[in-house]
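K.L.:
the following block contains a protein sequence and its predicted model.
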Amino acid sequence: MLQIAFIRENQEKVIKALAKRNIDAASIVAEVVQLDEKRRATQVELDTILSESNKLSASIGDLMKSGEKEKATILKQKTVQLKEKSKGLAEKADALAHELNQKLYTLPNLPADIVPEGKTPEENLTVFQEGTIPVLHEGAQPHWELVKKYDIIDFELGVKITGAGFPVYKGKGAKLQRALINYFLDKNTAAGYNEVQVPHLVNEASGYGTGQLPDKEGQMYHSTIDDLYLIPTAEVPVTNLFRDVILNESELPVLYTAYTPCFRREAGSYGAHVRGLNRLHQFDKVEIVRVEHPEKSYEALEGMVEHVKQILQELKLPYRILRLCGGDMGFTSALTYDFEVFSTAQDRWLEISSVSNFETFQANRLKLRFKDKDGKNQLAHTLNGSSLALPRVLAGILENYQTPEGIVIPEVLRSYCGFDIID
């Protein structure tokens, strides 16, 4: 959530920055500033009355001690009137604060200066590309055919048990999935990330804390009886570990990694691009999350990008990195880099990771602060990235490593799998 003081003092800057997201924010910014003025004026009036009431209470005590009960009674009546008035003003101030927050929740984060202009994914900027796209043998197949051939993932069985988008991993497919999870976690912990296991259901406050609510409410599975949400990513529970926390500056940075299943309704998704593992309702992902000092968060973002690059280099998958344009960025992000692997069998790029800096946007919602060297509380910066999302990594391995004899396992994963080939 954007800070109201920043909006109030930088209205034109906010409007211009949100225009990069293709949002005309002039009217909502004006509404927010007007609401804030009303709220602040109401709070000043309330504080004045409470101060006056306190002074009267002190005077009543002095009058009672001196035996001037009649004067004290008159002042008591006045304090009763002031209390009634202060109660009404307190309710008005709370209502205005709630309305203001609801307006602020609709405003996305401001894009960083280096975010490119653009409205669609086609306008994202390719900033790096590495790896050789393999030349496959005649008769090479996309992964949804390969998994049938080798009986390692059963999409139809998942439909029977649950519905479309909930695959069943079998035999070497299940072992390869587990191998990838362990490999990713080992790489992350070796890089200094502390592993945590977190709940797969979160409350509404957690959803608001990281910005999934109210922006992506329709994409989240909601257990209405308990008012809990299945997590769309480990980012939500891991980052919320720090909700309402004040860290010491010496504790920064904080680095966490977690494996979780992820659940997304993906309403409205259809077509060839969502076949097989390309788009699922339940999938596995290993996440990295950082809490950083504001002066070091962009250096940390570059470090996260390099970390994901190293993993893809070890997997020997052809990949590219995109800097997302304003129109394709997530609601909470100030800057996002997407990683995509090339699927030779599908002849297309598949997104496998997003690495983002949220600056203070999430921290402001979470009230995640640190005490600086002067003893003042400052909002921290939060970052997160997929390291990595499994479905499309798995699809890339199955398709790019296929041979007439079977699917060769990347060398770095063989000790995790216990086998060299799926045949």
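P.N.:
Nice, I can see it.
K.L.:
now do stretch 265-278, average pLDDT.
P.N.:
The average pLDDT for stretch 265-278 rounds to 71.
K.L.:
quote the end-to-end distance of that stretch.
P.N.:
14 Å (C-alpha to C-alpha, to the nearest Å).
K.L.:
which stretches of the stretch 301-423 of the chain form helices?
P.N.:
Secondary structure of the stretch 301-423 of the chain (DSSP state H, counting those that start in this stretch): helices located at 361-366, 390-400, 414-417.
K.L.:
between those helices, which gets nearest to residue 147?
P.N.:
helix 390-400 (7.1 Å; C-beta to C-beta). Backbone N, C-alpha and C define where each C-beta goes, glycine included.
K.L.:
got the contact list for residue 137?
P.N.:
402, 403, 404 (C-beta atoms under 8 Å, 6 or more residues apart in numbering).
K.L.:
and the closest residue to the second one other than its chain neighbours, how far from residue 343?
P.N.:
With sequence-adjacent residues excluded and distances taken as C-beta to C-beta, 6 or more residues apart in numbering, residue 403 is closest to residue 137, at 6.6 Å. The spacing between residue 137 and residue 343, counted by C-beta to C-beta, to the nearest Å, is 15 Å.
K.L.:
coming back round to it: just send the helices of the stretch 301-423 of the chain back as a markdown table, with mean pLDDT too.
P.N.:
As requested, the helices of the stretch 301-423 of the chain are arranged in a markdown table below (pLDDT from 0 to 100):
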| stretch | mean pLDDT |
| --- | --- |
| helix 361-366 | 98 |
| helix 390-400 | 96 |
| helix 414-417 | 98 |
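K.L.:
okay, those helices in TSV with mean neighbour count and distance to residue 167 next?
P.N.:
TSV is the format used below for those (neighbours: other C-beta atoms under 10 Å; distance: least, C-beta to C-beta, whole Å):
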stretch	mean neighbour count	distance to residue 167
helix 361-366	25	31
helix 390-400	25	9
helix 414-417	15	19
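K.L.:
mind putting those into JSON lines with distance to residue 53?
P.N.:
As requested, these are exported to JSON lines (distance: least, C-beta to C-beta, whole Å):
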{"stretch": "helix 361-366", "distance to residue 53": "33"}
{"stretch": "helix 390-400", "distance to residue 53": "61"}
{"stretch": "helix 414-417", "distance to residue 53": "69"}
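K.L.:
thinking again about what came up before, doesn't the residue nearest to residue 403 belong to a helix?
P.N.:
No: Residue 137 is assigned coil when assessed by DSSP: H, G, I helix; E, B strand; the rest coil, not a helix.
K.L.:
out of the helices of the stretch 301-423 of the chain, flag the one nearest residue 309.
P.N.:
Relative to residue 309, the nearest member of the helices of the stretch 301-423 of the chain by C-beta to C-beta is helix 390-400, separated by 13.8 Å.
K.L.:
which other helices and strands contact that closest one?
P.N.:
helix 143-150, helix 171-190, strand 282-292, strand 335-343, strand 348-357 (3 or more C-beta pairs under 8 Å, 6 or more residues apart in numbering; DSSP states H and E).
K.L.:
alright, that wraps it up for me.
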